[in-house]
Structures are given as structure tokens and as C-alpha cells.
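**Student:** Can you look at this prediction? I've put the sequence above it.
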Amino acid sequence: MKKITLIIAILALFAGVNKLKAQDSGFGAGIIIGEPTGISGKYWLSGNGSLNMAVAWSLSNDAFYIHADYARHAFKPIQVSKGQLPLYYGIGARMVFANDFNFGARIPLGINYIFEDAPLDVFAEIVPTLSLIPDTDFDLGGGIGVRFFFSR
């Protein structure tokens with residue numbers, strides 16, 4: 001985990017030197033810490049829609065975890081002097097591989113700061129989840145994270 005954080009910090013340092021523009025398009029990868037904890041990805045599909053995903057470890061289930069969500073971003077509610085601070089909401093699915101396979105629907109609700117002069121974003125989210133397989137059950141997850149966006 002420390003190595004991933006160090007790599008992202010170094011990439012951010014170089015990105016700041018080059019004065020790259022904010023990333024509200026393309027693909028970004030980084031880390032998410034919370035439930036789950038692991039590698040996070042984001043692919044912008046349009047100006048306000050993205051595919052957010054993670055491959056991680058679920059601490060509450062002690063299991064391998066994968067999720068993918070479609071998220072819509074609302075850029076107007078919160079205005080900031082530098083960068084962008086959209087709220088986002090969406091719908092997606094998760095799979096948890098433990099002793100029993102678990103599949104469920106996710107409804108992510110979050111906030112995402114997009115830096116103006118660096119190819120980074122920082123996010124925080126809470127995610128109500130409805131497990132469908134093997135049992136119907138309600139759960140609440142979430143996390144914070146950072147992603148580095150690669151050139152278009």
C-alpha cells in the first residue's frame with residue numbers, strides 16, 4: 001500500500017511540474033481506502049458520465065472484491081475557485097469472492113475534486129448496496145481515494 005501511495009505522489013509531482021490540465025476525460029487509476037480497499041479506476045464516457053471501478057480486498061468479508069458503476073456528475077451545485085468539485089451518483093454492481101460468492105447492486109453517492117493543473121482527482125463516497133446472491137441483504141460501504149489520469 002505504501003508503494004502505491006509513493007508512486008502516485010511521484011507521478012503527481014511530475015504532473016505538477018508539467019502543468020497538465022485537469023482530467024475530466026480519459027482514464028485514471030489509483031487507490032481506494034475503505035470498504036473495499038485496493039485499486040480504483042475511472043474512465044470518462046462523456047462530459048458528465050463515467051465508469052468507476054475497483055479491484056480490491058473487502059475487509060468486512062475478508063474476500064476479493066470487484067465493482068463497476070456508471071456515475072453521473074453534477075458540476076454546478078458546488079463552485080470552487082480552482083479545479084472542479086462535482087457531486088456524483090450512479091448505479092452499479094459488485095462481486096465478492098469468498099467462501100460464498102456474493103453479487104449485488106450498488107448505488108454510489110460521492111464528491112470528486114478534479115485538480116485544475118494536475119492530472120489527479122480525489123474522491124469520497126458512500127455506497128448503499130443490496131446483495132442479491134446468495135441472500136438478499138443490505139450493506140453500506142464507502143471510501144476515499146485518489147487517481148492519476150493518463151494522457152489522452
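**Tutor:** Sure, I can see it.

**Student:** can you give me the helices for this protein?
**Tutor:** For the chain, applying DSSP state H gives helices covering 2-18.

**Student:** Run through the strands of it in chain order.
**Tutor:** 27-35, 37-44, 49-58, 63-74, 87-97, 101-106, 109-114, 120-133, 137-149 (DSSP state E).

**Student:** Can you say which of these is nearest to Val80?
**Tutor:** strand 109-114 (7.8 Å; CB to CB). The way it works is simple: take the backbone N, C-alpha and C, and place the C-beta from them, glycine included.

**Student:** from the chain's centre, how far out does that closest one sit?
**Tutor:** Centroid separation for strand 109-114 versus its chain: 9 Å, with CA atoms, centre = their mean, to the nearest Å.

**Student:** Next, the buried residues of that strand.
**Tutor:** 110, 112-114 (16 or more other CB atoms under 10 Å).

**Student:** quick revisit: with distance to Val80 and mean pLDDT added, can I get the strands of the chain in CSV?
**Tutor:** Shown next, in CSV, are the strands of the chain (distance: least, CB to CB, whole Å; pLDDT from 0 to 100):
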stretch, distance to Val80, mean pLDDT
strand 27-35, 19, 96
strand 37-44, 19, 97
strand 49-58, 19, 96
strand 63-74, 14, 97
strand 87-97, 12, 97
strand 101-106, 27, 96
strand 109-114, 8, 97
strand 120-133, 12, 97
strand 137-149, 17, 95
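
**Student:** Tell me which of those approaches Ser81 most closely.
**Tutor:** Closest approach to Ser81 among the strands of the chain (CB to CB): strand 109-114, 12.3 Å.
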